[in-house]
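1. compute the structure for the input listed below.
(one chain, ligands or ions: 1)
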Amino acid sequence: MTKPAITIHGGFFSELTTSPETKLAKQEALRFIIRKSWDFLQTHSALQTAIYACTLLEDDPLFNAGTGSQIQSDGVIRMSASICDGETQKFSGVINLEDVKNPVLVAEKLLDCEDRILAGEGALRFARSHGFGYYDPRIPIRIQDYEARKKAASKTGTIGCVALDSEGRLAAATSTGGKGFEIVGRVSDSATVAGNYANQFCGVSCTGVGEDIVNGAVAAKIVTRVTDGMPLKEAVEKTFAELKPFDGFAGIVAIDHFGNMIQKDSHPHIVYALKNEGSEEIFG
Ligand code: ASP
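-> Numbers count the residues shown, from 1 in each chain. So this is what the prediction gives:
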């Protein structure tokens, strides 16, 4: 029997506002969500738990996914989310999906389909035909932020979860509102194997600048290295060293099949929480 473990992240502190109140609120939200998800993991699989944790994070407007997602350059929110089931090694995702509450749940529906990654209009049609009703994920602070960004540079956010259950199964899920103010049609890393990946050996969820994460194939590389026998810490260090030549901006949370957990960021500071039977760490 494997000792379960779970880790979640809520993107970077660079996004939205870095006021002490926001930091505290995010820490509190992470503490609440990791504890709820930990309890859930005691009676559910890693896959079910990763999805569950992501829905809680998507529903919290403090984070840039689901409710509270960032707004793109044309004033519309388009969200992306994916799931990777380490046991079956199936990956599913939605890209640039509009007007639903929980993109990760639409990605979950796709896990059982033959066509498992859908974008834009097709993803929306699929969601509606599977009972996901209209939902407006905009919140006032994002609208203000969008107005300000018509003049300023973009920032980052995103949420994710990696879980290991008592049967040794790993799963990863990641969901994002994107970078904010991006060109319409831009594809986030969060619904690619660069931003979210798991197999029987390791699971990784990323946040940061999607282009950098895809350039570095971050999640897929870490998982492959661990699969080939490299210790998790070394796999993470090596993959992050490879981001340096282009100053890649990325943060990850990961768990290996031994239950080792790790978080790392290339720039300060990823917002994260780790939990297993013996310990709980919030943000760091
Ligand atoms: N990785 C996401 C993206 O580029 C943004 C983020 O993590 O905040 O779409």
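2. what is the closest residue to residue 116 other than its chain neighbours paired to in the beta sheet?
-> Closest residue to residue 116 apart from its sequence neighbours, by Cβ to Cβ, 6 or more residues apart in numbering: residue 92 at 4.0 Å. Any C-beta I mention is one placed from the backbone N, CA and C, and that applies to glycine too. For residue 92, the beta-bridge partners are residue 83 (DSSP bridges).
3. isn't residue 92 right next to residue 107, touching?
-> Yes: look at residue 92 against residue 107 with Cβ atoms under 8 Å: they come within range, at 5.1 Å.
4. more neighbours: the two, which one.
-> residue 107 (32 against 23; other Cβ atoms under 10 Å).
5. that one in helix, strand or coil?
-> helix (DSSP: H, G, I helix; E, B strand; the rest coil).
6. so what's it up against?
-> When contacts are counted by Cβ atoms under 8 Å, 6 or more residues apart in numbering, residue 107 is found next to 81-83, 92-94, 173, 175, 191.
7. can you give me the strands in the chain?
-> Under the criterion DSSP state E, strands of the chain are mapped to 5-12, 79-85, 90-97, 117-119, 159-164, 170-176, 196-198, 202-208, 250-256, 261-265, 270-276, 280-282.
8. ok, which of those strands comes nearest residue 237?
-> Residue 237 lies closest to strand 261-265 among the strands of the chain, at 7.9 Å (Cβ to Cβ).
9. quick check: angle from that closest one to strand 5-12?
-> Here the directions of strand 261-265 and strand 5-12 differ by 10 degrees (axes from the mean of the first three to the mean of the last three Cα atoms, to 10 degrees).
10. which residues touch strand 261-265?
-> For strand 261-265, the surrounding residues in contact (Cβ under 8 Å, 6+ apart) are 5, 7, 9, 12, 208, 232-233, 236-237, 240, 250-255, 270, 272, 274, 276, 284.
11. tally of neighbours for residue 243?
-> Neighbour count of residue 243, defined by other Cβ under 10 Å: 18.
12. so what pLDDT did the closest residue to it other than its chain neighbours get?
-> Take residue 243 and drop its neighbours on the chain: the residue closest to it by Cβ to Cβ, 6+ apart is residue 216, 4.8 Å away. With respect to pLDDT, residue 216 scores 98.
13. residue ranges in the stretch 1-150 of the chain under the pLDDT threshold?
-> For the stretch 1-150 of the chain, applying pLDDT under 70 flags the ranges 13-18, 149-150.
14. ok, residue 206 - contacts?
-> 158, 160, 174, 189-190, 194-196, 213, 218-219, 250-252.
15. separation between it and the ligand?
-> Look at residue 206 and the ligand: by Cβ to the nearest ligand atom, to the nearest Å, they are 7 Å apart.
16. OK, contacts around the closest residue to the ligand within the stretch 151-284 of the chain?
-> Here the residue of the stretch 151-284 of the chain nearest the ligand is residue 210; by Cβ to the nearest ligand atom that distance is 2.6 Å. Shown in contact with residue 210 (Cβ under 8 Å, 6+ apart): 178-179, 186-190, 195.
17. farthest pair within the residues you listed?
-> Farthest pair in the contacts of residue 210 (Cβ to Cβ) is 186 and 195. Separation: 13.4 Å.
18. more crowded one of these two?
-> Per other Cβ under 10 Å, whichever of residue 186 and residue 195 has more neighbours is residue 195, with 31 against 17.
19. I'd say that one and residue 217 touch.
-> No: taking contacts as Cβ under 8 Å, residue 195 lies outside contact range of residue 217: 9.7 Å.
20. which residues of the stretch 101-250 of the chain lie near the ligand?
-> Taking Cβ under 6 Å from any ligand atom, the part of the stretch 101-250 of the chain that reaches the ligand is made up of 156-158, 176, 178-179, 188-190, 195, 207-210, 213.
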